[in-house]
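Undergrad: Here is my input, please return the structure:
(chains A, B, C and D)
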Number of protein chains: 2
Amino acid sequence: MARTKEFDRTQALDDAIQVFREHGFEGTSTEMLVRAMKIGRQSLYDTFGDKWKLYCLAVERYAAAETDAHIAMLHGAPRARDGIREMMERVAENASQPCLGVSSICEFGQSRPDLTAIHQVADRRLKHAAKQRISEAQADGDLNATLSTGEAANFLFANIAGMRIAARGGADSAALKTLAHLALQALT
Amino acid sequence: MARTKEFDRTQALDDAIQVFREHGFEGTSTEMLVRAMKIGRQSLYDTFGDKWKLYCLAVERYAAAETDAHIAMLHGAPRARDGIREMMERVAENASQPCLGVSSICEFGQSRPDLTAIHQVADRRLKHAAKQRISEAQADGDLNATLSTGEAANFLFANIAGMRIAARGGADSAALKTLAHLALQALT
DNA sequence: TCATTTCTGGAATGCTTAGTCAAGAAAGGA
DNA sequence: TCCTTTCTTGACTAAGCATTCCAGAAATGA
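TA: Numbering: from 1, shown residues only, chains lettered A, B, ... in the order given. Prediction:
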């Protein structure tokens, strides 16, 4: 068998993610995709099926990467509370680029079961890690121990989404940092 | 001059708002609009110009009404802190329907100056009212007076957006109420 | 060199879209 | 009654869309 030219699927998918982040699903045409991905139209359809499947793959990959990054921050400091702060601060620093997770939830809500399933997988994993770390911080006396860890985690995630909307609406870096700080302080 | 049949522009615009809330700009076709608005296609173009102008009008009207409702809640109780709480609780109660403000910011970011201008008008008005009421609550000793009123207002707005994203992602009413409560408590 | 495989790019298909046009129905004033 | 205005309806145009088809280029193993 002859092994022949192969484009980098992962790179192409990352390029697609960038386009979907900026323009959403409906706002993105296949023309925009093939240009950004630098592959032929046929390769796109052969490799990814169709536009919707590609979008789902993009959301899945983005969510996994984003979850990894959140968890890495959560565990990036010995003290649990510092880890939580680093997670929130990283969001503030990266919020100038739109979030595909927020965008896809906003665009489709719960109307597409396959998309909802993708979100749930990432959500569960992140929530599990966050609850653990929140629990630790509570044990350290750094966070209010009367709060349920699940509620505290939900609050952090809602604030992350809020920060990202604020950023997309024009909030500057300093304002985002303040939001991150206030969200963390709320759990103290 | 003969006054003749006239459809209700305001009602038609409200119908358009409903469609745009659910499907966004790109996800809405003129076919969906004329059906929902119960007017002829020609009437739509004669009255509102084109799809984009109709969308801007819808966002503007929605933002004005939503701002009015927020402000009404803010002033719905003698004690400033209660007014702020009522604003947050109303959001929790109404969050099952998607927010056109969040949606349009998510879909277009800062890329359309006319849309950005519409948001800014509503934002400024709401922020002004919120800052006043926050300031009162601080004077009452109900809110942490070391916080800048602007930062506190931004925090509340970010939490409103976060609650709405959470709701669109499937959060139930109890979870939203908890988010509202935590956001308010954060400013104490 | 040749064969095999994969990617490319343009052309074609068929559907959907936004927006226009034109004929006529509805409604009320004169 | 007739006239004027506004709304409706369906047909139409022209562009854009996702997707498929096809001919050939690129790349590599034999």
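Undergrad: out of everything not next to it in sequence, what's closest to the residue nearest the centre of chain A?
TA: Most central in chain A under C-alpha atoms, centre = their mean is A:Glu66, positioned 4.2 Å from the mean C-alpha point. Excluding its sequence neighbours, the residue lying closest to A:Glu66 (C-beta to C-beta, 6 or more residues apart in numbering or on different chains) is A:Gly101, at 6.5 Å. The way it works is simple: take the backbone N, C-alpha and C, and place the C-beta from them, glycine included.
Undergrad: Run a quick neighbour tally on A:Lys131.
TA: 17 (other C-beta atoms under 10 Å in any protein chain shown).
Undergrad: which stretch of helix or strand covers it?
TA: Secondary structure assignment for A:Lys131, by DSSP states H and E: helix A:113-139.
Undergrad: Which SSE is immediately downstream of that helix?
TA: Next along from helix A:113-139, by DSSP H and E: helix A:149-168.
Undergrad: Is that following helix in proximity to chain B?
TA: Yes. Helix A:149-168 is in contact with chain B by C-beta under 8 Å from any C-beta of the partner chain, via A:151, A:154-155, A:157-163, A:165-166, A:168.
Undergrad: What lies in contact with the following helix or strand past that helix?
TA: Next along the chain after helix A:149-168, taking DSSP H and E as the criterion, comes helix A:173-186. If you take C-beta atoms under 8 Å, 6 or more residues apart in numbering or on different chains as the criterion, helix A:173-186 is touched by A:81, A:84-85, A:88-89, A:91-93, A:95-96, A:155-156, A:159, A:162-163, A:166-167, A:171, B:147, B:151, B:154-155, B:158, B:182-183, B:185-187.
Undergrad: let's see it at 7 Å
TA: A:84-85, A:88-89, A:91-92, A:95, A:155-156, A:159, A:163, A:166-167, B:151, B:154-155, B:158, B:182, B:185-186 (C-beta atoms under 7 Å, 6 or more residues apart in numbering or on different chains).
Undergrad: What pLDDT is listed against A:Met1?
TA: The model reports A:Met1 with a pLDDT of 48.
Undergrad: quick one on the thing from earlier: could you say what helices and strands the helix holding A:Lys131 packs with?
TA: In terms of contacts (3 or more C-beta pairs under 7 Å, 6 or more residues apart in numbering or on different chains; DSSP states H and E), helix A:113-139 is packed against helix A:51-74, helix A:80-94, helix A:100-108, helix A:149-168.
Undergrad: Could you tell me which residues within that helix count as buried?
TA: Neighbour-count burial for helix A:113-139 flags A:115-116, A:118-119, A:122-123, A:125-127, A:129-138 (criterion: 16 or more other C-beta atoms under 10 Å in any protein chain shown).
Undergrad: Same check on stretch A:137-154?
TA: A:Ala137, A:Gln138, A:Asp142, A:Leu143, A:Leu147, A:Thr149, A:Glu151, A:Ala152, A:Ala153, A:Asn154.
Undergrad: any idea how far the residue nearest to A:Ala129 when sequence neighbours are not counted is from B:Ser111?
TA: Spatial nearest neighbour of A:Ala129, excluding adjacent residues (C-beta to C-beta, 6+ apart): A:Ile71 at 4.7 Å. Going from A:Ile71 to B:Ser111 by C-beta to C-beta, to the nearest Å gives 32 Å.
Undergrad: Looking at the two, which is more packed in?
TA: Neighbour count, other C-beta under 10 Å: between A:Ile71 and B:Ser111, A:Ile71 has more, with 19 against 10.
Undergrad: Now do the same for that one: its pLDDT.
TA: Confidence score, pLDDT, at A:Ile71: 98.
Undergrad: same check, this time on A:Thr4
TA: We have a pLDDT of 60 for A:Thr4.
Undergrad: can you check A:Leu126 too?
TA: For A:Leu126, the model assigns a pLDDT of 98.
Undergrad: hang on, isn't it packed against A:Ala69?
TA: No. Using C-beta atoms under 7 Å, A:Leu126 makes no contact with A:Ala69, being 10.1 Å away.
Undergrad: Distance to DNA strand D and pLDDT added to the buried residues of stretch A:137-154, as JSON lines?
TA: Shown next, in JSON lines, are these (distance: C-beta to the nearest atom of the strand, whole Å; pLDDT from 0 to 100):
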{"residue": "A:Ala137", "distance to DNA strand D": "45", "pLDDT": "97"}
{"residue": "A:Gln138", "distance to DNA strand D": "48", "pLDDT": "97"}
{"residue": "A:Asp142", "distance to DNA strand D": "48", "pLDDT": "96"}
{"residue": "A:Leu143", "distance to DNA strand D": "46", "pLDDT": "95"}
{"residue": "A:Leu147", "distance to DNA strand D": "45", "pLDDT": "94"}
{"residue": "A:Thr149", "distance to DNA strand D": "42", "pLDDT": "97"}
{"residue": "A:Glu151", "distance to DNA strand D": "40", "pLDDT": "96"}
{"residue": "A:Ala152", "distance to DNA strand D": "40", "pLDDT": "97"}
{"residue": "A:Ala153", "distance to DNA strand D": "36", "pLDDT": "98"}
{"residue": "A:Asn154", "distance to DNA strand D": "34", "pLDDT": "98"}
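Undergrad: No further queries at this time; thank you.
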